[in-house]
Each structure stands twice: as structure tokens, then as C-alpha cells.
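> predicted model follows, preceded by the sequence.
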Amino acid sequence: MMRTILIGLMAITLLFGVSLEASAYDGSAFYDWGPGVPNYNLSAVINNGTIGTADLFFGDFLGISATQPNALGWGDSGTIVNWADYWWIYWAGDGNTNGDALDGKWVHIIYPTEGWWDLGFETDKVVVFLSQDHGPYLGEGLEARVYGSNTLWGPVSSQAVLTDVYLDGWRPHNPAEDIDNNGWSSDDIAGVYELPGMYRYIKIAAWSDGSVDSYNEPEVDAVAGVITVIQVVVDIKPGSFPNSINLGSKGNVPVAILSDSAFDATTVDRSTVVFAGVSPLSIGKSPEDVNGDGLLDVILHFSTQSLNLQPSDIEACLTGKTLGGQDFEGCDSVRIVK
């Protein structure tokens, strides 16, 4: 059963480290939230506020196919039309660069076409910003099916699941922009989606399944990946305990990045690794099974005298990126000796 909910009663929550700003609706708008709304998820959280962008990395719109690097249509629901939810200008901007930033300039993904975005790194969480051009309907801000892929124009994952909705989108609601006084503006909805794995490319399709309905032409303002840091297992001086480090030594310290069920160490971009503030002396040997669990690990060596460690330190940490651009970090205990 569809149910009508007053926006001002919804809870404010935090998600994946993405900051939620203090602004919120004035409670004047109503919307339907139930099985008939695109991407409806009973456990999704409705956030009565804006989504922060500090932890987001915005993707590059690549087009609708390998042979068409633009969209069938594009336009502006932003500054040109004062962010009004019912008024937009077609053919404003560019068919390839629209859809790349939070500027109200969108690309029109009209069923049955699809749009592709390159995030530049792998992630399992994305935020999709649609133009709310037919308010006040929540479905118009969620009318996109979201998929991930690691092959451009190739096979895609199963459909991403909507986990959060931010009712102020990314900008605080401004009543002066609500020209028809229905409680909405064109930037008022942002949807957060969880993918079934780590993906670099995002495919957006219209919600329509081919039947006659109104959810078949999302205007995509931007697609962003949530920057998360993978926690990895690190073993300083493998096979040794305690991990004693003499900072006066002229030698080097071996550090292993271990694979496990959640992380493949062979995907590490070794040139990006930093341990205790120091880059490795060399890229290292081929991956090897350090701890005998049948999985390949990576060992790198670091100049002992260059390590940024203090006598009081009891832990040392390593950071880096995977070949897909995903950030990771890991720490292990140390004992500093003279």
C-alpha cells in the first residue's frame, strides 16, 4: 500500500561517512513512498536534509554507447531557470559534459537508451543526482536503474539497491526557488545505491520496463562514487614477533600486504604504497604466499632510517591504492628499539 508521508517527520541519519548538513525542508511538501515508487526499498532511510559531497568523486559521462559519446537530449534545470522543479531548458550545455557535475545541467536518458559514467576508481557505493523536473513526485528523483561494470560498454552487475534518500538533494531547500510553491526544487532528491561488488563504470538506465509508465526518462545531473578506504591486513617483518625496529639501522624493514577473502593483494599498485611516511625502496618481487594460506601476498621493503616513527610508537601504518584506484590502509604493532 502506498502511504503519504510528511517530509518534516523523517529522521536524519549518517551513511558511509558521508556528511549530512543541517539544512532541511520546511515540511510543506508531501510524497508517496511505497512499492509503486521506483527503487522502493522498505529498509531504505529517508534523510530530511542534504548530502555532503566531501567524500564523493564525480564521474565522467561517456555517452550512451561506444559509438555515441553523448545523450539523445540534454538541458538545464539549474541556474538558468532558478532551479524550478517544473521548468527546464532543452539543449542547454553540452551532450557530453552535462551530467558530470552538480550544476543543474543534465543528460536525458530516455528509455530504452542507457548512459555510462567513468568514476575513475572502483567503489561499491554510488550517489545518483537526478533533476526533479516533475515535482512533487519522489519517483521522478529516483527513476533510474543503477548497475556497475569493470568493462566499459560490457557486462554489468545486478541492479544496485537504494539504501538512502536525501530529500534536500545536495543544496539546502530555498523557498525562493520553489516557484510553484509545491515544496520542491529541481535538486531536491539524491539517491544512494549499494552495488553488489566493486566497480569503476556505472550504467544508468530508465526505470521503465517497457510498459507504459511515467518513470522512463531520468535527467541525470551527476553520478558520484563514495570514496571508501579498504582495511587490509599488514604484517611487519613477517614471521617475526614482536616487530622490533631499530631506527638507527642501515637496513630495511620488510612489510607484507596479505590477501584474504575480502582483499586481493595482487591488485595493489605498489608505486602508491607508503609505510610510516616512506615509499618502498623497490617495487618488490613477484607476489608470494607469505603466511601459507594459499593466497598470494605482496612484500615491500622500506629504508629503516627513513621511517617516520617515534620511540613511543606501538603501531605503524601503510596506505596505498589498488590498480583500480581504490584506497586502502592497514596497521600492525611495532616495538621501537635503540
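Okay, I see it.

> shaky segments in the stretch 201-338 of the chain?
Across the stretch 201-338 of the chain, residues meeting the criterion (pLDDT under 70) sit at 209-214, 284.

> 80 instead?
209-215, 283-285, 338 (pLDDT under 80).

> what segments of it are helices?
Listed from the start of the chain, the stretch 201-338 of the chain has no helices (DSSP state H, counting those that start in this stretch) to report.

> okay, now the unreliable bits of the stretch 1-150 of the chain?
Where the stretch 1-150 of the chain drops to pLDDT under 80, the residues are 1-32, 86, 132-138.

> tell me where it has strands.
With DSSP state E, counting those that start in this stretch applied, the stretch 1-150 of the chain shows strands at 3-6, 30-33, 45-47, 56-58, 60-63, 73-76, 89-90, 105-108, 114-130, 144-149, listed in chain order.

> partner strands of the fourth one, parallel or antiparallel?
Strands adjacent to strand 56-58 in the sheet, as given by DSSP bridges, are strand 219-226 (antiparallel).

> how about the closest residue to A176 other than its chain neighbours, what does it touch?
When the adjacent residues along the chain are set aside, A176 lies closest to N82, with 7.9 Å between them (Cβ to Cβ, 6 or more residues apart in numbering). Placement of C-beta: from N, CA and C, glycine included. Contacts were defined as Cβ atoms under 8 Å, 6 or more residues apart in numbering; by that measure N82 touches A176, E177, I179.

> redo that, cut-off 10 Å
G104, N174, A176, E177, D178, I179, S185, S186 (Cβ atoms under 10 Å, 6 or more residues apart in numbering).

> narrow those residues to those that are buried.
Among the contacts of N82, those scoring as buried are G104, E177, D178, S185, S186 (criterion: 16 or more other Cβ atoms under 10 Å).

> ok, the second one touching D168?
No - with contact defined as Cβ atoms under 10 Å, E177 does not count as touching D168 (11.9 Å).

> hang on, I179 in a helix?
No - following the definition DSSP: H, G, I helix; E, B strand; the rest coil, I179 is coil and is not counted among the residues of a helix.

> can you give me the buried ones in stretch 119-127?
L119, F121, E122, T123, D124, K125, V126, V127.

> which pair of those residues spans the longest distance?
Greatest spatial distance in the buried residues of stretch 119-127: E122 and V127, 15.5 Å, computed using Cβ to Cβ.

> how long is stretch 220-231 end to end?
Distance between the boundary residues of stretch 220-231 (Cα to Cα, to the nearest Å) amounts to 32 Å.

> now that stretch: buried residues?
In terms of neighbour count (16+ other Cβ under 10 Å), stretch 220-231 has its buried residues at V220, D221, A222, V223, A224, G225, V226, I227, T228, I230.

> need the contact list for the nearest residue to the third one once chain neighbours are set aside.
By that I understand A222. With sequence-adjacent residues excluded and distances taken as Cβ to Cβ, 6+ apart, A222 is closest to F129, at 4.6 Å. With contact taken as Cβ under 10 Å, 6+ apart, F129 is in contact with 51, 53, 56, 58, 99, 101-102, 104, 106, 141, 166, 169-170, 187, 189-191, 219-224.

> got a PyMOL select line for the buried ones in these?
Command for PyMOL, covering only those of the contacts of F129 found buried under the criterion 16+ other Cβ under 10 Å:
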select buried, resi 51+53+56+58+99+101+102+104+106+141+166+169+170+187+189+190+191+219+220+221+222+223+224
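
> what number of residues are in the vicinity of F328?
When neighbours are defined as other Cβ atoms under 10 Å, F328 has 23 of them.

> wait, isn't it in contact with V298?
No - between F328 and V298 there is no contact, the gap being 11.5 Å when judged by Cβ under 10 Å.

> let me know how buried R200 is, in neighbour terms.
Other residues near R200 number 21, with proximity taken as other Cβ under 10 Å.

> next, give phi and psi for it.
For R200, the backbone dihedrals are phi -100, psi -40 (criterion: degrees, to the nearest 10).

> OK, contacts around it?
The neighbours of R200, taking Cβ under 10 Å, 6+ apart as the test, are 59, 117-123, 148-152, 225, 324-326.

> how does it look with 8 Å?
With contacts defined as Cβ under 8 Å, 6+ apart, R200 is in contact with D118, L119, G120, F121, E122, T123, G148, S149, N150, G324, G325.

> and the fifth one, how far from V192?
What that stands for is E122. Applying Cβ to Cβ, to the nearest Å, one obtains 17 Å for the distance of E122 from V192.

> also P254?
P254 sits 40 Å away from V192, taking Cβ to Cβ as the criterion.

> equivalent analysis for G320, please.
Using Cβ to Cβ, we find G320 at a distance of 26 Å from V192.

> same check on D235?
When distance is defined by Cβ to Cβ, D235 is 35 Å away from V192.

> tell me which of those two has more neighbours.
V192 (24 against 20).

> would that one count as being in a strand?
Yes - the assignment for V192 is a strand, going by three-state DSSP.

> do you know how far the nearest residue to Y31 once chain neighbours are set aside is from A256?
Spatial nearest neighbour of Y31, chain neighbours left out: L138 (4.0 Å); criterion: Cβ to Cβ, 6+ apart. Computed with Cβ to Cβ, the distance linking L138 and A256 is 49 Å.
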